[in-house]
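please work out how this folds:
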Amino acid sequence: MTPSTLLPDHPRHTHAVVIGAGTMGADVAIVLARGGCRVTVTDPDASKRTLLMAHVRAGLAPLGLETRTDRVQAVASLQDVPWHDAALVIECIPEKLAAKQALFAQLVELAPRTTVLTSNSSSFPISAIGQGLATQERMLGLHFFMPAHLVPLVEVVLGPQTDAAQAERLCSYMRGCGSVPVLVRKDKPGFLANRLQHALAREAFAMIDEGIASAEDVDAAVRFGFGFRYLAAGPVLQRDHAGLDVHCAAAATIYPSLSNTATPASVLQAHVSAGKLGMKAGAGFYDWPADRRLAERERYDRLLQQGLGLMADELPPLDRSF
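Numbers count the residues shown, from 1 in each chain. Take a look at the predicted model:
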């Protein structure tokens, strides 16, 4: 690719399009706006479009950037998007592969040939979403974590045909939005962070199945034990702190007894079968009446904000000069 066809290396004064104004799409709009993008969010649901602006303003206010709310607009359809200068598209529609494939086929026709097309899918590889399209060199996974405007990480995922220079540019672009991008060089299921997360979750639920510990004690072991240290060091750096010889010896003892099941734990499947799906259903491993759910969301978001404050010196700075 020539430099003229690469994504700009900073989001300031560029135009980005977010498709879907649900929870994730609305949070992604905040991420882009704080980087100085002009953002067009498209969603056919009028109620979501109405709620969007207040949500964006609330997300930018703690940063002192609420004036950048004016850079965000909501439209009803793809045809209403001003495509001529779109530098980046981020798809945030529901996790249905056929719908994503149909959307990307439309994007190839609507967006300029220089527009970088990305999907926030947490399960479908970009190679499957863009299958058969002639523009796969500028298609990537761009996977955020909820709540996207509070969790700094974003995964930049290459498909087999993705241009590596475009991926590097996308990483730079996201750093300009205050995010922490990680480059995932192979388009494997779960990408990077979710593979790590599911490895932990498999062992957690297996231990509940075996009666080793309660759900509450599993959560406490992570939050107030090794997980507490993850704010300061990831699992690789943490092992350098502790000593690789110590880890290697412990691994030789522990690994043979770890769960390697290829199916979800019995306790997890039982909760799903019973309709106990978590907060959205009013109950999961914990009970979630409306008042407790609202209080938990406030507690959760408050702690994430405090965590961001602790890590402020290690996060990419935002350009406040415009």
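
who's in contact with residue 171?
For residue 171, the contacting residues are 156, 181, 183, by C-beta atoms under 8 Å, 6 or more residues apart in numbering. C-beta coordinates here come from the backbone N, C-alpha and C atoms, glycine included.

switch the cut-off to 10 Å
Each residue near residue 171 by C-beta atoms under 10 Å, 6 or more residues apart in numbering is listed here: 7, 9, 154, 156, 179-183.

looking at the residues you listed, which is nearest residue 192?
Closest to residue 192 out of those is residue 182 (6.0 Å), distances taken as C-beta to C-beta.

adjacent strands (with direction) for the stretch of helix or strand the closest one belongs to?
Assigned by DSSP states H and E, residue 182 falls within strand 180-184. Counting by DSSP bridges, the strands paired with strand 180-184 are strand 153-158 (parallel).

just the buried positions in the strand it pairs with, please.
154-158 (16 or more other C-beta atoms under 10 Å).

which strand residues bridge the residue positioned nearest the centre of the chain?
For the chain, the residue sitting closest to the mean C-alpha position, by C-alpha atoms, centre = their mean, is residue 144 at 1.2 Å. For residue 144, the beta-bridge partners under DSSP bridges are residue 154.

next up, the contacts around it.
Neighbouring residues of residue 144 by C-beta under 10 Å, 6+ apart: 24-25, 27-28, 31, 90, 92, 120, 122, 151-155, 174, 179.

do residue 285 as well
Contacts of residue 285 were listed using C-beta under 10 Å, 6+ apart, and they are 205, 208, 214-216, 218-219, 267-268, 271, 276, 278.

among these, which ones are buried?
If we count by 16+ other C-beta under 10 Å, those have these buried: 205, 208, 215, 218, 267-268, 271, 276.

just those: which are in helices?
Members of the buried ones among the contacts of residue 285 lying in helices (criterion: DSSP state H): 205, 208, 215, 218, 267-268, 271.

need those in JSON lines (columns: pLDDT and distance to residue 127).
Converted to JSON lines, these look like this (pLDDT from 0 to 100; distance: C-beta to C-beta, whole Å):
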{"residue": "205", "pLDDT": "98", "distance to residue 127": "30"}
{"residue": "208", "pLDDT": "98", "distance to residue 127": "35"}
{"residue": "215", "pLDDT": "98", "distance to residue 127": "36"}
{"residue": "218", "pLDDT": "98", "distance to residue 127": "35"}
{"residue": "267", "pLDDT": "97", "distance to residue 127": "34"}
{"residue": "268", "pLDDT": "97", "distance to residue 127": "29"}
{"residue": "271", "pLDDT": "98", "distance to residue 127": "33"}
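
moving C-terminal of the helix or strand in which residue 40 is found, what's the next helix or strand?
Element membership of residue 40 [criterion: DSSP H and E] is strand 38-42. Once the chain leaves strand 38-42, the next helix or strand it forms, by DSSP H and E, is helix 46-60.

what helices and strands are in contact with that following helix?
Counting contacts by 3 or more C-beta pairs under 10 Å, 6 or more residues apart in numbering; DSSP states H and E, helix 46-60 packs against helix 23-34, strand 38-42, strand 72-75.

out of those, flag the one nearest residue 241.
helix 23-34 (31.1 Å).

what residues sit buried inside that closest one?
Residues 24-34 are the ones in helix 23-34 that count as buried (16+ other C-beta under 10 Å).

redo those as TSV? Include distance to residue 191 and pLDDT.
Formatted as TSV, the buried residues of helix 23-34 follow (distance: C-beta to C-beta, whole Å; pLDDT from 0 to 100):
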residue	distance to residue 191	pLDDT
24	15	97
25	19	98
26	22	98
27	18	98
28	17	98
29	22	98
30	22	98
31	18	98
32	21	98
33	25	98
34	24	97
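
about what we covered before: buried stuff in the strand holding residue 182?
Neighbour counts using 16+ other C-beta under 10 Å place 181-182, 184 of strand 180-184 among the buried residues.

can you check stretch 74-81 too?
Residues of stretch 74-81 classed as buried by neighbour count (16+ other C-beta under 10 Å): 74-75, 78, 81.

ends of that stretch, how far apart?
End-to-end distance of stretch 74-81: 9 Å, with C-alpha to C-alpha, to the nearest Å as the criterion.

same check, this time on stretch 225-243
In stretch 225-243, first residue to last residue: 18 Å (C-alpha to C-alpha).

what's the neighbour count on residue 315?
Neighbours of residue 315 under the rule other C-beta atoms under 10 Å: 13.
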